[in-house]
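**Student:** Provided below are the primary sequence and the corresponding predicted coordinates.
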Amino acid sequence: MSTVDLKLSVMRRVFKHLSTACLATVLAWSTQVAMAADAGWPQARNDAGGTSFNAGETSLSALNLANIQIHWATRVVYYANVVSADGQAFATIEDRDIDSNPLDRLVRLDPTNGATVWKVPSPYAGTASPAIVNDLVIVAGNNPDDSFDGLVTAFDRATGAVRWSYTVPAWFGTSTLHTPLVSGGRVYLLSYQGEILVLDAVTGGLIWNRRTESDYSYTGIALAVAGGKVFLTDSRKGLIARDAADGQEIWRFEPSPSKVIASQPMAVGDSVLFMDRTSRVYSLNALTGQVRWISRLPQADSGSFCFPSGDNSFSNLASDGSRVFALCLNSLTNTQKLSAFELVSGALLWKASVGEGNRNLAVANGVVYVKGKRLRAMVAATGAAIAMPKIRDEFYSSAQMILADGRLLFTTSAPGNTFLQAWGLPPAR
């Protein structure tokens, strides 16, 4: 047998006897590489389920966060909500003139340097995050001719040209729209009046609409879409599951009257989760609405409550598929803690103090990020703090933070200075 034949024979035997664990490792590695090819953040909380988890982002890690630096900063008046896909970034920017008339706009940015590629007016859309679907970017706001009517507009990603628009008439008060969600070629919206609308993402045609039993003037993203269902949190009516096909109610779960819901829903696998104002996290079976577990946040006492979702795209829940991360405010000390639970059992894994003003969570590559008056990062498995530059936000902007294509993008505010910033690793040399 020649030397070459001997080597080939040995290699065949090695591969033949690879253990199942080794093969699983290889497969996991190849899957991770494939997922890393799409490391964008195309909508608020990254996915329609609202997990704020980017499985494809592998550039930043606990080992290199100490080395990140600012890549660029773009001045904005109030704040900017940004999304990213396929190497393109889009931001809704809130602005006002001297008479408080809206000058909100949608801007396409070059994510490598923050330069403006194009910009278009987008009235009253600055507080809502855009959503990317196919070759469109969807924005929800108000009709400039009648600010009481809601307006959904689809812009061409390449040019900024309007591809379609849909007006939501105001039947009581204002029909201002919350941040849109996209899933399965559809656009899901919730109006301040409590109307759910589902549009065809390609044509803008109405598929179905349902009026709910409450108004949503003072809530955040109250919708999540997953597994053929639309989940809606209602502070007075509980968590409601509807059929994504036609909007028919499937089930509802109502906590006791004293336990007011204080978060958006989050759908992970076959579970749907939410928080209430008595510092409890609930996990329900997404198919049936049956309770799987209820865990009380460890910092809870008679004077503490969970930070509500507010009026924007930020979140106080996140998940990486195996853990649930919950952010809660103690009203006695005005400080916040982040807690991690097992997704399946609800068992507490760890808790960590995270300062004040935190309204944003993001998870990627074994790291959970929380942004308030300061940006912090922790090991997702243990809660251990990760060294990184001190990035401060004096007014802890409520615009959403995203992690896409190796960059953290977020708004920071200080007296007279508000910027959309991008941070990442130093350029390769």
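**Tutor:** Thanks, I have it. Numbers count the residues shown, from 1 in each chain.
**Student:** So which helix or strand of the protein has the lowest pLDDT on average?
**Tutor:** helix 20-36 (a mean of 35; mean pLDDT, DSSP states H and E).
**Student:** quick one, helices of this protein?
**Tutor:** In the chain, the helices defined using DSSP state H lie at 3-16, 20-36.
**Student:** residues touching residue 364, list them.
**Tutor:** Contacts for residue 364 were tallied using CB atoms under 8 Å, 6 or more residues apart in numbering; they are 53-55, 57-58, 60, 403. Bear in mind the C-beta positions are built from the backbone N, C-alpha and C, glycine included.
**Student:** err, residue 419, not the other one
**Tutor:** 73-76, 411-412 are the contacts of residue 419 under CB under 8 Å, 6+ apart.
**Student:** So among those residues, which ones count as buried?
**Tutor:** 74, 76, 411-412 (16 or more other CB atoms under 10 Å).
**Student:** How about residues contacting the longest strand seen in the chain?
**Tutor:** Looking across the chain with DSSP state E, the single longest strand is strand 146-156. Strand 146-156 has contacts (CB under 8 Å, 6+ apart) with 106, 120, 122-124, 135-144, 161-170, 173-177, 180, 187, 189, 191, 197, 199, 201, 204.
**Student:** Can you tell me how far the closest residue in space to residue 204 that isn't next to it in sequence is from residue 203?
**Tutor:** Leaving aside its chain neighbours, residue 204 sits nearest to residue 164 (3.4 Å; criterion: CB to CB, 6 or more residues apart in numbering). According to CB to CB, to the nearest Å, residue 164 and residue 203 sit 6 Å apart.
**Student:** Counting neighbours around each, name which of those two comes out higher.
**Tutor:** The neighbour count for residue 164 versus residue 203, taken as other CB atoms under 10 Å, is higher for residue 164 (17 against 12).
**Student:** on that earlier part again, for residue 266, state which of the contacts of residue 364 is nearest.
**Tutor:** The shortest approach to residue 266 among the contacts of residue 364 belongs to residue 53, at 10.0 Å (CB to CB).
**Student:** ok, back up a step: contacting residues for the residue nearest to residue 204?
**Tutor:** Taking CB under 8 Å, 6+ apart, we find residue 164 in contact with 153-154, 203-204.
**Student:** same thing with residue 44?
**Tutor:** 50, 81, 83, 129, 131, 179, 181, 221, 313, 400 are the contacts of residue 44 under CB under 8 Å, 6+ apart.
**Student:** Of these, keep whichever come out buried.
**Tutor:** Among the contacts of residue 44, those buried by neighbour count (16+ other CB under 10 Å) are 50, 81, 83, 129, 131, 179, 181, 221, 313, 400.
**Student:** So among those, where is pLDDT lowest?
**Tutor:** pLDDT across the buried ones among the contacts of residue 44 is lowest for residue 313, at 45.
**Student:** Could you give the bridge partners of residue 324?
**Tutor:** residue 319, residue 341 (DSSP bridges).
**Student:** What of residue 91?
**Tutor:** Beta-bridge partners of residue 91, counted by DSSP bridges, are residue 82, residue 107.
**Student:** Which residues are in contact with it?
**Tutor:** With CB under 8 Å, 6+ apart, residue 91 has these contacts: 80-83, 106-107, 109, 130, 420.
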